[in-house]
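K.L.:
3D model of this:
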Amino acid sequence: MIYEEISAESRARRTLTGTARMLLALKLDGPLLIGLALVAIYGLFVLYSASGQSIATVIRGAIRLGIGAVAMLVLAQVNPNFLRRTAPALYALGIVLLIIVDVTGYVGKGAQRWLDLGFIRFQPSELMKLAVPMTCAWFLHERPLPPSPLTLLVTAALILVPAGLVVVQPDLGTGVLITIAGGLVLVMAGLQMRIMAALAVLGVIGAWVGWHFLHDYQRQRVLTFLDPQSDPLGAGYHIIQSQIAIGSGGVFGKGWMNGSQAQLEFLPERQTDFIFAVMGEEFGLLGLAILLLLYLFIVGRALFLAMQTQDTFARLLGGSLALTFFVYVFINAGMVSGLLPVVGVPLPLVSYGGTSMVTLLAGFGILMSLYSHRKLVGS
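P.N.:
Residues are numbered from 1 along each chain as shown. The predicted structure is shown next:
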């Protein structure tokens, strides 16, 4: 029986094309790689327009994509057993770095989020987007599922401690994403509906209490979300201009580099948080639909890979990575269109950024590793 399986696998390998064999050897998933590449290329075209036709900005964006691609390739080769064993150490390192940032970190745009290493500024909170779900999956790996109340409390602490350290920087958007990434591991672990409902109630109470601890600008973002017209030239300016840009694009858009809101600089943060509005204005509803379909393909393929794994750690971590990517897209599109408050979440693989881009692609490298090594996990 074993001989027959090996023979079938050998025959399958012989029928593969040269490209497919290379991807197989590199532990990369072809369909997922194509989806990521198409979004990244689409994003570079939009970035060129959003940056005011700055080829230097596009080159810097391409370099960051290249660094992320290297991280993805390297992590795809790593055995998931090694990832599982090192998850607690990575988590501990991240906590230490976050404490250092909160004490002596570099301050930029009113926030203390970076470590200045001289040749590069590093944002440790991005590391926790991977370390938190990895550690939660490690902790739940050999425990009965669904999690017991005690297991749930410990896992919640693993999530909320780093999220709290990030929120005080202040970086509410990243703190929310870290919480969601860890929370999705619990959901994938079979968290009961009654507990989820209780947590939702506690979340509402926590939001009410937390409101009094938010910075003034964070409270203003929420109030602006409820009524942007209350301060059209101040706090509501971003949302109003973003909605104008998306609405003016119509079905087919105004054409590449022909968007008035972006090109005349009415639209703030058009290279980063609000680049989705630039796409809507220049490529219209059709262009946004194409982008969202590509995102949907990536999420669907990522979930498929996660479901094919044969180990609790791999399934929990893979599912969390796939769904967290979806949350990125949902939050950015929602805040740019006025459906969610502005929390500073970039559009995946499109917004101009460094650490976030590398973190996203590194996460997909981990997912490919979980899938390609699925027969070795736990050995």
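K.L.:
any idea whether W256 is helix, strand or coil?
P.N.:
Per DSSP: H, G, I helix; E, B strand; the rest coil, the secondary structure class of W256 is coil.
K.L.:
before we move on, what about W114?
P.N.:
Under three-state DSSP, W114 comes out as strand.
K.L.:
and it, how far is that from I120?
P.N.:
9 Å (C-beta to C-beta, to the nearest Å). For every residue, glycine as well, the C-beta is placed using N, CA and C.
K.L.:
Look at these two and report which has more neighbours.
P.N.:
W114 (19 against 10; other C-beta atoms under 10 Å).
K.L.:
ok, what's across the strand from that one?
P.N.:
Assessed by DSSP bridges, W114 has beta-bridge partners Y106.
K.L.:
just checking, it touches S125?
P.N.:
No - in this structure, W114 is not within contact of S125 by C-beta atoms under 8 Å, at 9.3 Å.
K.L.:
Now do the shared contacts for these two.
P.N.:
V101 (C-beta atoms under 8 Å, 6 or more residues apart in numbering).
K.L.:
which strands and helices sit next to the lengthiest helix in the chain?
P.N.:
Ranked by residue count, the top helix of the chain under DSSP state H comes out as helix 275-308. With contacts defined as 3 or more C-beta pairs under 8 Å, 6 or more residues apart in numbering; DSSP states H and E, the packing partners of helix 275-308 are helix 30-50, helix 237-248, helix 260-263, helix 312-336, helix 355-372.
K.L.:
Let's see that with 6 Å instead.
P.N.:
helix 30-50, helix 237-248, helix 312-336, helix 355-372 (3 or more C-beta pairs under 6 Å, 6 or more residues apart in numbering; DSSP states H and E).
K.L.:
For that helix, which residues meet the burial criterion?
P.N.:
For helix 275-308, a neighbour-count test (16 or more other C-beta atoms under 10 Å) marks 275-284, 287-288, 291, 294-295, 297-299, 301-303, 305-306 as buried.
K.L.:
next one: stretch 64-78
P.N.:
For stretch 64-78, by 16+ other C-beta under 10 Å, it's 64-65, 67-69, 71-72, 75-76, 78.
K.L.:
Turn those into JSON lines, including pLDDT and distance to Y237.
P.N.:
JSON lines is the format used below for these (pLDDT from 0 to 100; distance: C-beta to C-beta, whole Å):
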{"residue": "R64", "pLDDT": "90", "distance to Y237": "28"}
{"residue": "L65", "pLDDT": "92", "distance to Y237": "30"}
{"residue": "I67", "pLDDT": "92", "distance to Y237": "34"}
{"residue": "G68", "pLDDT": "93", "distance to Y237": "32"}
{"residue": "A69", "pLDDT": "94", "distance to Y237": "36"}
{"residue": "A71", "pLDDT": "94", "distance to Y237": "36"}
{"residue": "M72", "pLDDT": "95", "distance to Y237": "37"}
{"residue": "L75", "pLDDT": "95", "distance to Y237": "40"}
{"residue": "A76", "pLDDT": "94", "distance to Y237": "43"}
{"residue": "V78", "pLDDT": "92", "distance to Y237": "45"}
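K.L.:
of these, closest to T57?
P.N.:
Taking C-beta to C-beta as the measure, T57 lies nearest R64 of the buried residues of stretch 64-78, at 10.8 Å.
K.L.:
Ramachandran angles for F122?
P.N.:
Dihedral pair for F122: phi -110, psi 140, per degrees, to the nearest 10.
K.L.:
who's in contact with it?
P.N.:
L115 (C-beta atoms under 6 Å, 6 or more residues apart in numbering).
K.L.:
Can you report how many residues lie near A92?
P.N.:
12.
K.L.:
any idea how far it is from V185?
P.N.:
The separation that A92 has from V185, given C-beta to C-beta, amounts to 18 Å.
K.L.:
what's the weakest-modelled helix or strand in this structure?
P.N.:
Lowest on mean pLDDT, DSSP states H and E among the helices and strands of the chain sits helix 2-15, with a mean of 50.
K.L.:
And the pLDDT at A62?
P.N.:
With respect to pLDDT, A62 scores 92.
K.L.:
Give me the nearest residue to it, chain neighbours excluded.
P.N.:
Nearest in space to A62, with sequence neighbours left out and distances taken as C-beta to C-beta, 6 or more residues apart in numbering, is L44 at 6.3 Å.
K.L.:
roughly how far apart are the one you found and K254?
P.N.:
For L44 relative to K254 (C-beta to C-beta), the value is 19 Å.
K.L.:
for T17, same thing?
P.N.:
T17 is 41 Å from K254, by C-beta to C-beta.
K.L.:
and the two? which has more neighbours close in?
P.N.:
Neighbours were counted for T17 and for K254 using other C-beta under 10 Å; K254 has more, 19 against 8.
K.L.:
And the pLDDT for that one?
P.N.:
90.
K.L.:
ok, now the one 4 residues further on?
P.N.:
Note for N258: predicted pLDDT of 84.
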